[in-house]
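A.B. asks: Here's my sequence, what's the structure:
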Amino acid sequence: GSKSVCFEISYIFRWTLIPLFYLVIIHIYLVHTIMLTLRSKSHFEISKQWLALP
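C.D. replies: Numbers count the residues shown, from 1 in each chain. Have a look, this model is predicted:
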C-alpha cells in the first residue's frame with residue numbers, strides 16, 4: 001500500500017537525487033579548483049615572461 005509507495009519514493013530519491021547532488025558538488029569543486037589553478041598558472045607564466053625580459 002502506501003508504505004511501498006513511500007519506500008519506492010525514498011529509493012528513487014536515494015539513487016537519483018543524492019548522486020546528482022554529489023555530482024553537482026564535485027563539478028563545482030573541480031571547476032573552482034581548475035579556474036583557480038589556471039588563474040594562478042597564467043599569472044605565474046606572465047610574471048615568468050616579465051622576468052625573462054632583458
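
A.B. asks: Need the three-state assignment for residue 17.
C.D. replies: Three-state call for residue 17 (DSSP: H, G, I helix; E, B strand; the rest coil): helix.

A.B. asks: same thing with residue 14?
C.D. replies: Classified using three-state DSSP, residue 14 is helix.

A.B. asks: That one and residue 7, how far apart?
C.D. replies: 10 Å (C-beta to C-beta, to the nearest Å). Where C-beta positions appear, they are placed from N, C-alpha and C, glycine not excepted.

A.B. asks: what do you get for residue 26?
C.D. replies: Residue 26 is 28 Å from residue 7, by C-beta to C-beta.

A.B. asks: Check residue 29 too.
C.D. replies: In terms of C-beta to C-beta, residue 29 sits 32 Å off from residue 7.

A.B. asks: does residue 40 sit in a helix or strand, and which one?
C.D. replies: helix 18-52 (DSSP states H and E).

A.B. asks: Based on its surroundings, how many neighbours for residue 31?
C.D. replies: By the measure other C-beta atoms under 10 Å, the count of residues near residue 31 is 10.

A.B. asks: Could you tell me what pLDDT the model assigned to it?
C.D. replies: Per-residue pLDDT puts residue 31 at 91.

A.B. asks: now swap in residue 1 and tell me
C.D. replies: 62.

A.B. asks: same for the helix holding residue 40, what does it pack against?
C.D. replies: Helices and strands touching helix 18-52, by 3 or more C-beta pairs under 8 Å, 6 or more residues apart in numbering; DSSP states H and E: there are none.

A.B. asks: Could you list the low-confidence segments of the protein?
C.D. replies: The model of the chain has pLDDT under 70 over residues 1, 46, 53-54.

A.B. asks: Need the residue closest to the centroid of it.
C.D. replies: With distances taken as C-alpha atoms, centre = their mean, the chain has residue 27 as the residue nearest its mean C-alpha position (2.0 Å).

A.B. asks: ok, that residue to residue 20 distance?
C.D. replies: Taking C-beta to C-beta, one finds residue 27 at 10 Å from residue 20.

A.B. asks: Next: residue 29.
C.D. replies: 15 Å.
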